[in-house]
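Chemist: When you get a sec, could you give me coordinates for this:
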Amino acid sequence: MNLKVGILLIAALLLCPFLFAQYPGWQQKVDYKINVEVDHETHKLKGVQQVVYTNNSNETLDKIYFHLYFNAFQPGSMMDIRSNTIMDPDKRVGDRISKLKPSEIGYMRVVSAMQGSKECGIKEDGTILEVELANPIRPGESTNLLLNFNAQIPLQIRRSGRHSSEGIFYSMAQWYPKVCGFDYMGWHLTPYVGREFFGTFGSFDVSIWIDPQFVVGATGYLIEEELAKLPALLDRESALKLKKWRFVAEMVHDFVWAADPEYVHTTHMTNDSIELHCYYQENESYNSNWEALPEIMEEALNYIQQRFGPYPFRKYSFIQGGDGGMEYPMATLITGERTLTSLVGVSIHELMHHWYHMVLATNETLYPWMDEGFTSYATSEVMNYLRAKGKLPGKVLEYPHKGSFENYKYIVKAGLEEPLSTHADHYETNVAYGVGSYSKGQIFLTQLEYIIGKEAFDKAMLQYYIEWSYKHPGPWDFLRVVEKVSGMDLDWFGQYWINTTHFIDYSVDSIYASNNIDSSHINLSRHGVFPMPVDLKVSLKNGDSLYYTIPLRIMRSEKTYSNGIHYMLAPKDWLWVETDYTLTIPYSLNDIESIELNPFKLMADIFEPNDTYPRAISEIEEELD
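Modeler: You can find the predicted model right below:
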């Protein structure tokens, strides 16, 4: 796709986002207008939030639910309990919530909710607020809600809060009453325990009233920045004038902002007229890294748009804040005291989330691996590209996903793996969640690339982004795109990789002479339950190499190779119900030097020593162990 044409296409869709097809034919829409006053001395918020909720479903809604994320940062909250009872708690959280003082906790209290002139019933339950509507919303109708809320900003523990470990005054994520997602599965009322998110597309018009000493970075486009008098609903007794920062954004499902008196704010305009903003604190050890970041990110963005699809906005902000890296529409919060490679790496990762969480917007509470895993795959590819272009130190990797494969292999062998179908909040350990979502999710893509071939895979990834933007796709939506592009049947792969913890393990067992002395038989075995097509390299004593590919019959096709190597198609497919397979080749035993399965290490074979024949003594001993 021509890059500029792609950008124009996405821009056109943004202007009429609800006119194109959606799965399952509808989705809700939420438009926010928020005025919030920040008291930086008490760390309290006072807000007025207008919500226009459009019900595009075929159901009449008599309630609307909101997330109150700040309520998680209180002793005895679900997040606190979860962190204190899980086997391997996040070190950033640990028991910190349980030790918060009343002045340090977070809370969010909706004081009133009005639907037009009528008051609604409200019921707070931890991090979820239930609003009982005075008038139900029928299919196709919209309603206006007005919420008055008060909040206290917690000490920064996880993502949001005040006074981060690097000294950032405010990292303001999950800071307002956010409408819960509603789709064909009903309401998604996930209590906040520190994991993933799901939101509804709409618009934001946010005015942040704060002391003039602060510099503010946020989602959206800044359209006002002025000293002004607070609206009557927010006005304090004092006549203090605050600075108003007004940001607007269309077709997004969240809003983040950060504020600090010492922010350095820089702007870099790319050749495609995308503004890259950086907000960071002066630090002699890291200033040069932040100064170098925009140019590197422009190079990365050019590659990303060609490979994964166009970026649909005119702005993106890299904001020092939070506790690591966390993505939001048009912006990210990242810790900034990093080496250049680390700063670029986290920036690339959070930027790539804009494709898989902000635009495609999969429900990552249900499928965190479709966001984190796909983002991790793209990050590895982009970082390797930057090394190849000389923008980052280090050698170009032949297989940039090896680290994720090693992580995946670790949890398999340790017996800690859980199916990817597990809800993000319900993994038994953080390591199972982390490796599953980030690493196994990444290897999900590398295995599809191995099965269908790189050329078809790259085309499928781009087609997926274009076809499913703004539609909240699930796993089978993605796999169907891959099937259409590749011409293969791949439901078996999804069933095994997503719904089970079966693993891949093949071996070369033996080679013996045929009755025809000019041919040989190679015996192969499948030891893992997971079936896969198999690639094989035969090295001859004369120095030549032969390559074979053995498809699975259930694929109904075979991949096309584009790496410059000619693969011969095996005379028969491998049936998934069979654990053994014999390949006959037209060479005698005296001609053959060695046999190697998975010669380029692209298949996620969990035990590699049995992939070669003959095997070294050390490898045979490892296999016996």
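Chemist: What is the neighbour count of V51?
Modeler: 23 (other CB atoms under 10 Å). In this view, the C-beta of every residue, glycine as well, is placed from N, C-alpha and C.
Chemist: Let's see stretch 560-578 as CSV, backbone CA atoms only.
Modeler: The C-alpha coordinates for stretch 560-578 follow below in CSV (Å, rounded to 0.1, in the frame of the first residue of the first chain):
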residue,chain,number,x,y,z
THR,A,560,5.3,-20.7,-0.5
TYR,A,561,9.0,-20.0,0.4
SER,A,562,10.5,-16.6,-0.3
ASN,A,563,13.9,-17.0,1.4
GLY,A,564,15.8,-18.0,-1.7
ILE,A,565,15.8,-21.7,-0.8
HIS,A,566,14.1,-24.2,-3.0
TYR,A,567,12.1,-26.7,-0.9
MET,A,568,10.9,-29.9,-2.4
LEU,A,569,7.4,-30.9,-1.5
ALA,A,570,7.2,-34.3,0.3
PRO,A,571,5.3,-36.9,-1.8
LYS,A,572,2.7,-37.3,1.0
ASP,A,573,1.2,-35.1,3.7
TRP,A,574,1.7,-35.9,7.4
LEU,A,575,-1.6,-36.9,9.1
TRP,A,576,-2.1,-35.3,12.5
VAL,A,577,-3.4,-38.7,13.8
GLU,A,578,0.0,-40.3,13.1
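Chemist: What residues sit buried inside it?
Modeler: Within stretch 560-578, the residues that count as buried by 16 or more other CB atoms under 10 Å are 567, 570, 573-574, 576.
Chemist: got the contact list for H188?
Modeler: Applying CB atoms under 8 Å, 6 or more residues apart in numbering, we find H188 in contact with 180-182, 198, 363, 365.
Chemist: just the strands in the stretch 451-600 of the chain please.
Modeler: 506-513, 520-526, 534-540, 545-550, 568-569, 580-585, 592-597 (DSSP state E, counting those that start in this stretch).
Chemist: Nearest approach to H357 belongs to which of these?
Modeler: Nearest of the strands of the stretch 451-600 of the chain to H357, taken as CB to CB: strand 534-540 at 33.5 Å.
Chemist: Give me the sheet partners of the closest one and which way each runs.
Modeler: Applying DSSP bridges to the sheet, strand 534-540 is found paired with strand 545-550 (antiparallel), strand 592-597 (antiparallel).
Chemist: Distance from the chain centre to the last one, please.
Modeler: Mean-position distance between strand 592-597 and its chain equals 40 Å (CA atoms, centre = their mean, to the nearest Å).
Chemist: what's next to it, contact-wise?
Modeler: With contact meaning CB under 8 Å, 6+ apart, strand 592-597 is reached by 506-508, 511, 520, 522, 524, 534-541, 605, 611-614.
Chemist: That one: what's the following helix or strand?
Modeler: Using DSSP states H and E, the helix or strand that follows strand 592-597 in sequence is strand 612-613.
Chemist: Tell me the neighbouring strands of that next one, and mark each as parallel or antiparallel.
Modeler: Counting by DSSP bridges, strand 612-613 is paired with strand 592-597 (antiparallel).
Chemist: residues touching A460, list them.
Modeler: Per CB under 8 Å, 6+ apart, neighbours of A460: 448, 452, 481-482, 485-486.
Chemist: The same query, at a cut-off of 10 Å, please.
Modeler: Neighbour list for A460: 445, 448-449, 452, 467, 478-479, 481-486 [criterion: CB atoms under 10 Å, 6 or more residues apart in numbering].
Chemist: same question, R138
Modeler: With contacts defined as CB under 10 Å, 6+ apart, R138 is in contact with 55, 58-61.
Chemist: And the pLDDT at it?
Modeler: Looking at R138, its pLDDT reads 98.
Chemist: now G25
Modeler: What the model reports as pLDDT for G25 is 79.
Chemist: Distance of it relative to Y184?
Modeler: Separation of G25 from Y184 (CB to CB, to the nearest Å): 9 Å.
Chemist: before we move on, what about M87?
Modeler: Distance from M87 to Y184, by CB to CB: 35 Å.
Chemist: Next: T501.
Modeler: Relative to Y184, and taking CB to CB, T501 is found at 28 Å.
Chemist: Please say which of those two ends up with more neighbours.
Modeler: The neighbour count for T501 versus Y184, taken as other CB under 10 Å, is higher for T501 (19 against 13).
Chemist: picking up where we left off before, return every residue with contacts to both of G25 and Y184.
Modeler: Contact criterion CB under 10 Å, 6+ apart; residues shared by G25 and Y184: 57-58.
Chemist: Measure how buried G94 is and give me the count.
Modeler: Neighbour count of G94, defined by other CB under 10 Å: 13.
Chemist: What of P475?
Modeler: Other residues near P475 come to 19 when the count uses other CB under 10 Å.
Chemist: residue contacts, it?
Modeler: Per CB under 10 Å, 6+ apart, neighbours of P475: 362, 366-367, 369-370, 420-421, 444, 494, 497-499.
Chemist: Only the buried subset of those, as a ChimeraX command please.
Modeler: Buried subset of these, written as a ChimeraX selection, criterion 16+ other CB under 10 Å:
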select :362,366,367,369,370,420,444,494,497,498
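Chemist: Out of the contacts of P475, the closest to E124 would be?
Modeler: When those are compared against E124 (criterion: CB to CB), the nearest one is L366, at 24.9 Å.
Chemist: Chain neighbours aside, what residue packs nearest to that closest one?
Modeler: Among residues not flanking L366 along the chain, H423 sits closest, at 6.2 Å (CB to CB, 6 or more residues apart in numbering).
Chemist: right, and the one you found touches F198 too?
Modeler: No - with contacts counted by CB atoms under 10 Å, H423 stays clear of F198, the gap being 11.3 Å.
Chemist: Name the residue in these two with the higher neighbour count.
Modeler: Applying other CB under 10 Å to H423 and F198 shows that F198 carries more neighbours, namely 22 against 14.
Chemist: what about that one, which helix or strand?
Modeler: Under DSSP H and E, no helix or strand contains F198.
Chemist: For it, give its distance to L145.
Modeler: Per CB to CB, F198 is found 20 Å from L145.
Chemist: Provide a list of residue ranges in the stretch 501-625 of the chain with pLDDT below threshold.
Modeler: The model of the stretch 501-625 of the chain has pLDDT under 70 over residues 562, 616-625.
Chemist: Could you find the closest non-adjacent residue to S507?
Modeler: Per CB to CB, 6+ apart, closest to S507 is N610, 3.6 Å.
Chemist: For the nearest residue to D518 once chain neighbours are set aside, which residues are in contact?
Modeler: Nearest residue to D518, sequence neighbours excluded (CB to CB, 6+ apart): S588, at 5.6 Å. Contacts for S588 were tallied using CB under 10 Å, 6+ apart; they are 513-514, 516-520.
Chemist: How about the backbone phi and psi for G106?
Modeler: Main-chain torsions, G106, degrees, to the nearest 10: phi -110, psi 150.
Chemist: list the contacts for W355?
Modeler: 304-305, 308-312, 371, 374-375, 378, 461, 464-465, 469.
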